[in-house]
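In: Sequence first, then the predicted structure, then my questions.
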Amino acid sequence: MKKLYYIIFFAALVAVFFVVLSNAAPSYFHPKLKPISTVQPFSFKDQDGKLITNKDVDGKVNVVSFFFTTCTSVCPRMNHNLIPVYEAFKNEPNFLMLSYTCDPQRDSVAKLKRYADSMHVDENKWLFLTGQKDSLYAMARHSYMIDDQRTGVSTETDFLHTQLVALVNKNGEVVKIYDGLKPSELEQMKGEIAGLLKD
(Lines give C-alpha, C1' and ligand atoms only; values in the text may rest on other atoms or scores of the structure.)
Protein backbone atom coordinates (compact mmCIF):
# COMPACT_ATOMS: atom_id res chain seq x y z
CA MET A 1 0.00 0.00 0.00
CA LYS A 2 2.83 2.38 0.92
CA LYS A 3 4.62 1.48 -2.31
CA LEU A 4 1.52 2.34 -4.38
CA TYR A 5 1.24 5.68 -2.56
CA TYR A 6 4.85 6.56 -3.48
CA ILE A 7 4.32 5.58 -7.13
CA ILE A 8 1.22 7.79 -7.40
CA PHE A 9 2.97 10.63 -5.58
CA PHE A 10 6.02 10.59 -7.86
CA ALA A 11 3.89 10.19 -11.01
CA ALA A 12 1.90 13.28 -9.99
CA LEU A 13 5.12 15.15 -9.22
CA VAL A 14 6.55 14.35 -12.66
CA ALA A 15 3.28 15.43 -14.35
CA VAL A 16 3.28 18.76 -12.49
CA PHE A 17 6.94 19.28 -13.40
CA PHE A 18 6.23 18.84 -17.12
CA VAL A 19 3.18 21.15 -17.03
CA VAL A 20 5.23 23.89 -15.34
CA LEU A 21 8.15 23.34 -17.73
CA SER A 22 5.94 23.44 -20.84
CA ASN A 23 4.47 26.77 -19.72
CA ALA A 24 7.86 28.20 -18.79
CA ALA A 25 9.61 27.00 -21.96
CA PRO A 26 6.98 26.28 -24.67
CA SER A 27 9.61 26.36 -27.43
CA TYR A 28 11.14 23.18 -25.95
CA PHE A 29 7.90 21.26 -26.45
CA HIS A 30 6.94 23.11 -29.64
CA PRO A 31 10.24 23.72 -31.44
CA LYS A 32 10.39 27.01 -33.31
CA LEU A 33 9.03 26.55 -36.82
CA LYS A 34 11.27 28.06 -39.51
CA PRO A 35 9.62 30.45 -41.98
CA ILE A 36 8.95 29.09 -45.48
CA SER A 37 7.84 32.41 -46.98
CA THR A 38 6.52 35.84 -46.06
CA VAL A 39 2.93 36.86 -46.81
CA GLN A 40 2.87 39.79 -49.22
CA PRO A 41 0.56 42.80 -48.71
CA PHE A 42 -3.01 42.06 -49.79
CA SER A 43 -6.48 43.57 -49.99
CA PHE A 44 -9.63 41.44 -50.42
CA LYS A 45 -13.31 41.59 -49.44
CA ASP A 46 -14.75 39.27 -46.80
CA GLN A 47 -18.20 37.69 -46.61
CA ASP A 48 -19.64 40.94 -45.21
CA GLY A 49 -18.15 43.07 -47.99
CA LYS A 50 -15.57 44.50 -45.60
CA LEU A 51 -12.13 45.22 -47.00
CA ILE A 52 -9.54 43.02 -45.29
CA THR A 53 -5.84 43.79 -45.68
CA ASN A 54 -2.63 42.35 -44.27
CA LYS A 55 -2.84 45.04 -41.55
CA ASP A 56 -6.00 43.34 -40.21
CA VAL A 57 -4.08 40.11 -39.61
CA ASP A 58 -0.84 41.62 -38.31
CA GLY A 59 0.10 40.11 -34.95
CA LYS A 60 -2.31 37.19 -35.38
CA VAL A 61 -1.71 33.50 -36.04
CA ASN A 62 -3.56 32.57 -39.26
CA VAL A 63 -4.76 29.29 -40.70
CA VAL A 64 -5.14 29.75 -44.47
CA SER A 65 -6.96 27.66 -47.05
CA PHE A 66 -8.32 28.01 -50.59
CA PHE A 67 -11.73 26.66 -51.61
CA PHE A 68 -14.78 27.41 -53.74
CA THR A 69 -18.43 27.21 -52.74
CA THR A 70 -19.55 24.92 -55.59
CA CYS A 71 -16.84 22.33 -54.90
CA THR A 72 -18.30 18.92 -54.05
CA SER A 73 -15.12 16.94 -53.44
CA VAL A 74 -12.05 18.31 -51.64
CA CYS A 75 -13.39 21.60 -50.19
CA PRO A 76 -16.29 20.31 -48.06
CA ARG A 77 -14.06 17.64 -46.51
CA MET A 78 -11.24 20.09 -45.87
CA ASN A 79 -13.53 22.71 -44.29
CA HIS A 80 -15.20 20.01 -42.17
CA ASN A 81 -11.74 18.93 -40.96
CA LEU A 82 -10.87 22.56 -40.13
CA ILE A 83 -13.88 23.05 -37.83
CA PRO A 84 -12.15 21.44 -34.78
CA VAL A 85 -9.23 23.85 -35.30
CA TYR A 86 -11.68 26.78 -35.39
CA GLU A 87 -13.48 25.49 -32.28
CA ALA A 88 -10.22 25.10 -30.37
CA PHE A 89 -9.08 28.70 -30.94
CA LYS A 90 -12.19 30.77 -31.73
CA ASN A 91 -11.91 32.60 -28.40
CA GLU A 92 -8.24 33.48 -28.87
CA PRO A 93 -7.93 37.20 -29.72
CA ASN A 94 -4.74 36.64 -31.74
CA PHE A 95 -6.10 33.90 -34.00
CA LEU A 96 -7.85 34.04 -37.39
CA MET A 97 -8.86 31.64 -40.13
CA LEU A 98 -8.77 32.85 -43.73
CA SER A 99 -10.42 30.94 -46.58
CA TYR A 100 -9.82 32.47 -50.02
CA THR A 101 -12.04 31.54 -52.96
CA CYS A 102 -10.47 29.93 -56.03
CA ASP A 103 -13.51 30.93 -58.08
CA PRO A 104 -14.12 34.67 -57.62
CA GLN A 105 -16.25 34.84 -60.77
CA ARG A 106 -18.95 32.74 -59.07
CA ASP A 107 -18.15 33.36 -55.41
CA SER A 108 -19.56 36.83 -54.84
CA VAL A 109 -19.60 38.45 -51.41
CA ALA A 110 -23.26 37.42 -51.03
CA LYS A 111 -22.48 33.80 -51.94
CA LEU A 112 -19.59 33.69 -49.47
CA LYS A 113 -21.92 35.10 -46.80
CA ARG A 114 -24.43 32.28 -47.38
CA TYR A 115 -21.60 29.75 -47.27
CA ALA A 116 -20.15 31.17 -44.04
CA ASP A 117 -23.61 31.23 -42.44
CA SER A 118 -24.14 27.58 -43.39
CA MET A 119 -20.94 26.71 -41.49
CA HIS A 120 -22.18 28.48 -38.32
CA VAL A 121 -18.86 30.21 -37.65
CA ASP A 122 -18.08 33.62 -36.17
CA GLU A 123 -17.66 36.05 -39.07
CA ASN A 124 -14.91 37.86 -37.16
CA LYS A 125 -12.83 34.71 -36.61
CA TRP A 126 -13.22 32.82 -39.91
CA LEU A 127 -13.06 35.12 -42.92
CA PHE A 128 -14.07 34.02 -46.42
CA LEU A 129 -12.31 36.24 -48.95
CA THR A 130 -12.75 37.16 -52.60
CA GLY A 131 -11.13 39.53 -55.06
CA GLN A 132 -9.35 39.53 -58.41
CA LYS A 133 -8.46 36.04 -59.62
CA ASP A 134 -4.83 36.85 -60.45
CA SER A 135 -4.32 38.40 -56.98
CA LEU A 136 -5.93 35.43 -55.22
CA TYR A 137 -3.82 32.92 -57.14
CA ALA A 138 -0.65 34.93 -56.54
CA MET A 139 -1.38 34.73 -52.81
CA ALA A 140 -1.73 30.94 -52.96
CA ARG A 141 1.39 30.43 -55.03
CA HIS A 142 3.81 33.11 -53.87
CA SER A 143 2.74 34.08 -50.35
CA TYR A 144 1.30 30.86 -48.91
CA MET A 145 3.21 28.40 -51.14
CA ILE A 146 0.30 25.98 -51.37
CA ASP A 147 0.02 25.60 -55.14
CA ASP A 148 2.49 25.37 -58.02
CA GLN A 149 2.60 28.01 -60.74
CA ARG A 150 1.20 26.48 -63.91
CA THR A 151 3.28 27.40 -66.94
CA GLY A 152 1.65 27.91 -70.32
CA VAL A 153 -1.85 28.20 -68.85
CA SER A 154 -3.97 31.26 -69.57
CA THR A 155 -5.59 33.23 -66.74
CA GLU A 156 -9.01 32.20 -68.04
CA THR A 157 -8.35 28.45 -67.98
CA ASP A 158 -6.10 28.40 -64.90
CA PHE A 159 -7.83 26.85 -61.89
CA LEU A 160 -6.46 26.30 -58.42
CA HIS A 161 -7.75 23.31 -56.46
CA THR A 162 -5.75 22.32 -53.40
CA GLN A 163 -6.35 20.74 -50.01
CA LEU A 164 -3.18 22.24 -48.56
CA VAL A 165 -3.50 24.53 -45.55
CA ALA A 166 -0.89 27.10 -44.51
CA LEU A 167 -0.04 28.11 -40.96
CA VAL A 168 1.12 31.74 -40.59
CA ASN A 169 2.79 33.12 -37.47
CA LYS A 170 2.23 36.53 -35.86
CA ASN A 171 4.98 38.03 -38.02
CA GLY A 172 3.18 37.16 -41.26
CA GLU A 173 5.49 34.24 -42.08
CA VAL A 174 4.27 30.89 -43.38
CA VAL A 175 5.84 28.32 -41.06
CA LYS A 176 4.22 25.04 -42.09
CA ILE A 177 1.88 23.47 -44.65
CA TYR A 178 -0.59 20.68 -43.87
CA ASP A 179 -2.86 18.35 -45.80
CA GLY A 180 -6.41 19.49 -44.97
CA LEU A 181 -7.78 16.04 -45.79
CA LYS A 182 -5.75 14.42 -43.01
CA PRO A 183 -7.27 15.04 -39.56
CA SER A 184 -4.08 13.75 -37.93
CA GLU A 185 -2.06 16.57 -39.54
CA LEU A 186 -4.62 19.18 -38.46
CA GLU A 187 -4.53 17.76 -34.94
CA GLN A 188 -0.78 18.29 -34.96
CA MET A 189 -1.36 21.82 -36.26
CA LYS A 190 -3.47 22.60 -33.17
CA GLY A 191 -0.43 21.96 -30.96
CA GLU A 192 1.73 24.16 -33.17
CA ILE A 193 -0.87 26.96 -33.15
CA ALA A 194 -0.86 26.84 -29.36
CA GLY A 195 2.93 27.23 -29.41
CA LEU A 196 2.79 30.16 -31.85
CA LEU A 197 0.15 31.93 -29.76
CA LYS A 198 2.55 31.84 -26.79
CA ASP A 199 5.39 33.43 -28.79
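Out: Arrived safely, thanks for sending.

In: what bridges to the residue nearest the centre of the chain?
Out: In the chain, the centroid-proximal residue (C-alpha atoms, centre = their mean) is V63; its distance is 1.2 Å. For V63, the beta-bridge partners are M97, L167 (DSSP bridges).

In: Measure how buried the spatially closest residue to C71 that is not a sequence neighbour is and give me the count.
Out: Nearest non-adjacent residue to C71, counting by C-beta to C-beta, 6 or more residues apart in numbering: H161, 7.6 Å away. The way it works is simple: take the backbone N, C-alpha and C, and place the C-beta from them, glycine included. For H161, the count of nearby residues is 14 (other C-beta atoms under 10 Å).

In: Start the count at 7 instead of 1 going forward.
Out: In the new numbering, first residue 7, that becomes H167.

In: show me the contacts for H167.
Out: 77, 80, 108 (C-beta atoms under 8 Å, 6 or more residues apart in numbering).

In: Which pLDDT does the model give the last one?
Out: Which is C108. With respect to pLDDT, C108 scores 94.

In: same thing with L166?
Out: Looking at L166, the pLDDT reads 84.

In: Kindly report the same for the one 10 residues further on.
Out: What the model reports as pLDDT for K176 is 97.

In: Also D205?
Out: 84.

In: Likewise for V20?
Out: Note on V20: pLDDT of 48.

In: now swap in P47 and tell me
Out: pLDDT, read off for P47, is 97.

In: which outside residues touch stretch 101-110?
Out: Residues contacting stretch 101-110 (C-beta under 8 Å, 6+ apart): 50, 63, 66-76, 85, 88, 91-92, 95, 113, 118, 127, 131-139, 142-143, 145-146, 165-167, 199, 203.
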